[in-house]
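>>> Provide a 3D model corresponding to the input given below.
(chains A, B, C and D)
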Number of protein chains: 2
Amino acid sequence: MKNDCKLCAIKSEAASKLSTEEMEKLSFSCALVKFRKGDSLIRQGTFSTNVAYLRSGLAKVHIAGPYHEQIVRIVKSPSYLGLPTTFGDKINQYSVTVIDTAEVCFIDINAFRSLLKANPEFSYEIMLELCRNELEVFYRCANRTQKQIRGKIADVLLEMSERIYGNEKFSIPLNQEDLGNLVDSSRESVSRVLTEFEKDGIIKLSGKKVEITNKKSLLLISANG
Amino acid sequence: MKNDCKLCAIKSEAASKLSTEEMEKLSFSCALVKFRKGDSLIRQGTFSTNVAYLRSGLAKVHIAGPYHEQIVRIVKSPSYLGLPTTFGDKINQYSVTVIDTAEVCFIDINAFRSLLKANPEFSYEIMLELCRNELEVFYRCANRTQKQIRGKIADVLLEMSERIYGNEKFSIPLNQEDLGNLVDSSRESVSRVLTEFEKDGIIKLSGKKVEITNKKSLLLISANG
DNA sequence: ACAAAAATGTGAGCTATATCACAAAATAGT
DNA sequence: ACTATTTTGTGATATAGCTCACATTTTTGT
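Residues are numbered from 1 along each chain as shown, chains lettered A, B, ... in the order given. So this is what the prediction gives:
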């Protein structure tokens, strides 16, 4: 066990409250694994026996919509992935795929559950995360259904810059097809808007690199218009 | 305390594990209140000191979108409302409004928290509900963004009939404006589709009463087309 | 029971954006 | 370094559904 792993820390803390038998019965091994862009952490329709703790990196949560893939939200570390499967739903209702090099710690669902039982603080934290997730999806959903394309893309760019990278310069970890699925529009429209933004001097593009040069405009377009 | 209230039952069970001081410090009173259609249980932007337990009735969760109101999901009893405020978000990020006569039990947030601490089973149940909510929002979101109007409305009708009422005949608790906000389209389009469905003999309408007369067609349209 | 208010039905345009169809550019694989 | 593949840019066209506008019906309040 590495003590720089938050999950492990919680585990060892909890362990002190569990009997030795219980400890041995459950698999508390902490398997840290590295993943690259495109690797799948959770696959919709499959059965999971682990919760994945995203220690570093980024992932996308996506579901197969009635017509095409929809990217529901971008997950930033630290985050627990695959919780619904832990609480009764046997089958994963969504997929999670790495979009930027990630380190993930897996923990057996039953072990995870007993951590929750033994540690109310931890439960509390998980509930907080679940609530946040729901609120985030609310927000995204209102955004993607009400704004028009320019506003939606402005929104994504701002989210990347603020919530995800904390920097005006960053590298979009998604191609335009994915951006379309995140924003519910076509790849072509995404392309058009992006070049439009560049022409208007709002952003600078070179390959995947983006720099927001006129944040005010973006904010306006996002609130929009 | 009435013992037909599930929340009360949990409370008294939990109470036995708490010291008398703790019990007295916290308000465990169970105030059962009746509400009518249109009454507000939670108002976006305000601060809550209670969790609301919906014992009976229906409510809509809605948020102020960038342009217009969006109905995020329909809540059926039993359900706990206002959880995010319990876990750190001080301000309600959404509104909840009764749409069909409801009985609600309020419990002080701090009391609720100590219930969670004292009762891992209860925590577990809450986490389950939070996960379900998130998944439901995923599903709704994919639906409302990808299908076209006929499919979306077919979907809502099926949901009402199946999840909400468990009957082919029911009374829509929403007006067409609300239906539009639930489905992300205009009041007028909702009207058009509804009368279209009636003409095609898929549903029978009289005022708010709906009867699904051709479920197969609805399923087809929802999966659609 | 009656007036006032709210909710619904329906027509006629308008428009944002999807779709199709390529060309060009960038990336990856060997 | 060179193909093969994936990703991106951009025009032309079609269309679902929004908006506006008004008539009609239903519901509400007194």
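>>> Is chain B within reach of the helix ranked longest in chain A?
In chain A, taking DSSP state H as the definition, the longest helix is helix A:120-146. Yes. Contact of helix A:120-146 with chain B (Cβ under 8 Å from any Cβ of the partner chain) involves A:120, A:123-124, A:126-128, A:130-135, A:137-146. Placement of C-beta: from N, CA and C, glycine included.
>>> which residues does A:Ile153 contact?
When contacts are counted by Cβ atoms under 8 Å, 6 or more residues apart in numbering or on different chains, A:Ile153 is found next to A:Leu179, A:Val183, A:Val190, A:Val193, A:Leu194, A:Phe197.
>>> my read is it is in a helix, agree?
Yes. The assignment for A:Ile153, made by DSSP: H, G, I helix; E, B strand; the rest coil, places it in a helix.
>>> Show me where chain A has its strands.
A:31-35, A:40-42, A:50-64, A:69-76, A:79-81, A:95-108, A:169-171, A:203-206, A:209-212 (DSSP state E).
>>> Quick one: name the residues of chain A near DNA strand D.
Within chain A, the positions lying close to DNA strand D (Cβ under 7 Å from any atom of the strand) are A:Asn175, A:Gln176, A:Glu177, A:Arg187, A:Glu188, A:Ser191, A:Arg192, A:Leu194, A:Thr195, A:Leu205, A:Lys208.
>>> Give me the buried entries from those.
Using 16 or more other Cβ atoms under 10 Å in any protein chain shown as the burial test, the residues of chain A next to DNA strand D include A:Gln176, A:Arg192, A:Leu194 as buried.
>>> Identify the bridge partners of A:Val51.
Per DSSP bridges, the residues bridged to A:Val51 are A:Ile107.
>>> wait, isn't it in contact with A:Pro84?
No. Counting by Cβ atoms under 8 Å, A:Val51 sits too far from A:Pro84 to count as a contact (10.3 Å).
>>> Could you list which residues are in contact with A:Asn58?
In this structure residue A:58 is Leu, not Asn. Contacts of A:Leu58 (Cβ under 8 Å, 6+ apart): A:Ile74, A:Val75, A:Lys76, A:Ser77, A:Val98, A:Ile99, A:Asp100, A:Ala102, A:Ile164, A:Pro173.
>>> A:Leu182 reaches A:Asp155, doesn't it?
No. Using Cβ under 8 Å as the test, A:Leu182 is too far from A:Asp155 to be in contact (9.9 Å).
>>> OK, contacts around the residue nearest the centre of chain A?
Geometric centre of chain A, nearest residue: A:Val75, 1.3 Å, by Cα atoms, centre = their mean. Going by Cβ under 8 Å, 6+ apart, A:Val75 touches A:Leu54, A:Leu58, A:Ala59, A:Lys60, A:Val61, A:Leu81, A:Val96.
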